[in-house]
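J.: Dropping the sequence and predicted coords here.
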Amino acid sequence: MKHIKVNKRFEGWFLAHVGAEVRRVTNTIRDDAIAHCPVDSGDLVTSISSRFPGGMHGQVVVSAAHWSYVEYGT
């Protein structure tokens with residue numbers, strides 16, 4: 001039976017490369033949301049941002065309280 005050699009640097013390499021891809025995809029989604037956001041006063045479009053809380057997690061955040069009225073109607 002062959003033994004598998006574990007590269008101890010793999011985890012760091014993986015997080016660096018995949019983490020960069022998570023950042024790229026998250027920012028692309030953010031940019032798409034900004035590009036397709038209706039603009040009246042500009043409050044909604046300027047409230048769209050991305051954040052990276054750690055690890056391989058990316059979030060697109062809308063901080064304007066009235067986003068759901070624009071998305072789903074009233």
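T.: Perfect, I can see it now.

J.: quick one, longest helix in this structure?
T.: If each helix of the chain is counted by residues according to DSSP state H, the longest one is helix 10-35.

J.: Give the other helices and strands that it contacts.
T.: Judged by 3 or more Cβ pairs under 8 Å, 6 or more residues apart in numbering; DSSP states H and E, helix 10-35 is in contact with strand 48-54, strand 57-62. For every residue, glycine as well, the C-beta is placed using N, CA and C.

J.: Out of those, which gets nearest to D32?
T.: Of all the helices and strands packed on helix 10-35, strand 57-62 sits nearest to D32, with 9.1 Å by Cβ to Cβ.

J.: Output the below-cut-off pLDDT ranges for this protein.
T.: Where the chain drops to pLDDT under 70, the residues are 1.

J.: if I pick the residue most central in space within it, what's in contact with it?
T.: In the chain, the residue lying closest to the centroid (Cα atoms, centre = their mean) is T26, at 2.8 Å. Listed by Cβ atoms under 8 Å, 6 or more residues apart in numbering, the contact partners of T26 are S50, F52, G58, Q59, V60.

J.: cool, and P53?
T.: By Cβ under 8 Å, 6+ apart, the neighbours of P53 are Q59.

J.: Could you grab the helix/strand/coil label for the nearest residue to V45 once chain neighbours are set aside?
T.: Setting aside the residues directly before and after it, V45 is nearest to C37 in space (Cβ to Cβ, 6 or more residues apart in numbering), at 4.4 Å. Look at C37: counting by DSSP: H, G, I helix; E, B strand; the rest coil, its state is coil.

J.: Quick check: C37 vs D31, distance?
T.: C37 is 11 Å from D31, where distance means Cβ to Cβ, to the nearest Å.
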